[in-house]
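Peer 1: Structural data only, the sequence is not supplied:
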């Protein structure tokens, strides 16, 4: 088991409905030392790519994407969910279904911050059905940018998002792939990588 | 002018309705080197406080709070806006009015992550009417935690949020206080600190 799998085993909580709660260290309260380690690991896995921008989606992707963008020395751009008066009118948009919220959000990135010169590393905390990642890939593609790879902290290997993204030909790196989990026993098993 | 005021002057865009757009470097595309500098500056200003947790609010507070939490070596907790199935039932809540979105959000922090032992530094990107900060102070207080101070990147000095928070007796540190701005000329003046 790697450092993230060990942490999930120790502090993750399995809930009915295939929900894995990691809010004590990853997406509500955040352990910065762990996030730094995650950032370094993604940097290691994509170090040969000429990344110019790290792209993520609000909210919980931001704190994972931060140390990655820092390691590459590039700006971090996050796709926003709601239309705010603080965003310029010219945006790329995609529809994204949230597994945990059970609703569809329209997400957007200002056209100024993704261009055809950009070589993008997409980062997010969870991968389940892949809707958020596909939305981010779509936005990068219509901007004419190149998607160099995707880094995910926790992939739910029993849902088909990972299969879909890898089938599209992208390098997708998930630090922990949950093969199965049991809400009654709390047991979590990871896919050998 | 300090480093943040200089950056706002260079890259900030003034829009009608007292809107200051800093989405090219602070809250949509994010300049990580600038955020690291902001983190170090807040660390310097609150270094004598026994901070145990940095508290912020989604979304754009997270990337500013990250380097601050890292500098203090403490966890980062962010108040969440919507009820997600990934949050435990036991939460502290407050109502917060968003200046830029023109609506009221209910925000919450899980009771597990703020306790009466905590000494909290509250961080956010903008301070206008102070509603978000007052919501975070309220949550910290009902948790029995001690608010050691508040750090803001950009305060709109012509709105009364800063006055309200300082009147409550808190140490509020704003790196840039906008005294006036003009959407026609694009001019921005800062309060001497």
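Peer 2: That came through, no problem. Just so we're clear, the structure is a prediction, and the values are computed from it rather than from any experiment. Numbers count the residues shown, from 1 in each chain, chains lettered A, B, ... in the order given.
Peer 1: Can you check what pLDDT the model gives the residue positioned nearest the centre of chain A?
Peer 2: The centroid of chain A falls nearest to residue A:124 when counting by Cα atoms, centre = their mean (1.1 Å). pLDDT, residue A:124: 98.
Peer 1: That one sits in which helix or strand?
Peer 2: Taking DSSP states H and E as the criterion, residue A:124 maps to strand A:119-127.
Peer 1: List the strands paired with that strand, with their directions.
Peer 2: strand A:53-57 (parallel), strand A:146-156 (parallel) (DSSP bridges).
Peer 1: export these to a markdown table and tack on mean neighbour count?
Peer 2: Placement of C-beta: from N, CA and C, glycine included. What follows is these, written out as a markdown table (neighbours: other Cβ atoms under 10 Å in any protein chain shown):
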| stretch | mean neighbour count |
| --- | --- |
| strand A:53-57 | 27 |
| strand A:146-156 | 23 |
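Peer 1: and the closest residue in space to residue A:151 that isn't next to it in sequence, what does it touch?
Peer 2: Spatial nearest neighbour of residue A:151, excluding adjacent residues (Cβ to Cβ, 6 or more residues apart in numbering or on different chains): residue A:42 at 4.3 Å. Each residue near residue A:42 by Cβ atoms under 8 Å, 6 or more residues apart in numbering or on different chains is listed here: A:68, A:71, A:121, A:123, A:151, A:173, A:175.
Peer 1: Of those, which is the nearest to residue B:105?
Peer 2: Using Cβ to Cβ, residue A:123 comes nearest to residue B:105 of the contacts of residue A:42, at 25.4 Å.
Peer 1: ok, how many other residues are close to the closest one?
Peer 2: Number of residues near residue A:123 (other Cβ atoms under 10 Å in any protein chain shown) recorded here: 31.
Peer 1: in the sheet, who's paired with residue A:13?
Peer 2: residue A:21.
Peer 1: what's across from the residue nearest to the centre of chain A in the sheet?
Peer 2: Under the criterion DSSP bridges, residue A:124 forms beta bridges with residue A:152.
Peer 1: How about the lengthiest helix in chain A, which residues are buried there?
Peer 2: Counting by DSSP state H, the longest helix found in chain A is helix A:32-46. Across helix A:32-46, burial judged by 16 or more other Cβ atoms under 10 Å in any protein chain shown covers A:32, A:34-39, A:41-43, A:46.
Peer 1: Compute the number of surrounding residues for residue A:18.
Peer 2: Neighbourhood size, residue A:18 [other Cβ under 10 Å]: 15.
Peer 1: Who are the contact partners of it?
Peer 2: Residue A:18 is in contact with A:156, A:158-159, A:181, counting by Cβ under 8 Å, 6+ apart.
Peer 1: ok, the residue nearest to the centre of chain A touching residue A:61?
Peer 2: Yes: assessed by Cβ atoms under 8 Å, residue A:124 is found in contact with residue A:61 at 4.5 Å.
Peer 1: ok, which stretches of chain A are strands?
Peer 2: Assigned by DSSP state E, chain A shows strands spanning A:13-15, A:19-21, A:29-30, A:53-57, A:76-79, A:91-98, A:103-110, A:119-127, A:146-156, A:172-181, A:188-190.
Peer 1: next one: the first one to chain centre, how far?
Peer 2: Centroid separation for strand A:13-15 versus its chain: 20 Å, with Cα atoms, centre = their mean, to the nearest Å.
Peer 1: Repeat that for the second one.
Peer 2: Averaged C-alpha coordinates place strand A:19-21 at 16 Å from its chain's average position (Cα atoms, centre = their mean).
Peer 1: which residues of chain A score low on pLDDT?
Peer 2: A:82-89, A:99-100 (pLDDT under 70).
Peer 1: how near is residue A:96 to residue A:19?
Peer 2: Counting by Cβ to Cβ, to the nearest Å, the separation of residue A:96 from residue A:19 is 18 Å.
Peer 1: Of these two, which one has the most company?
Peer 2: The residue with more neighbours, out of residue A:96 and residue A:19, is residue A:96; 21 against 17, by other Cβ under 10 Å.
Peer 1: Bridged to that one, which residues?
Peer 2: residue A:105.
Peer 1: was I right about it contacting residue A:57?
Peer 2: Yes: counting by Cβ under 8 Å, residue A:96 does reach residue A:57; the two are 7.2 Å apart.
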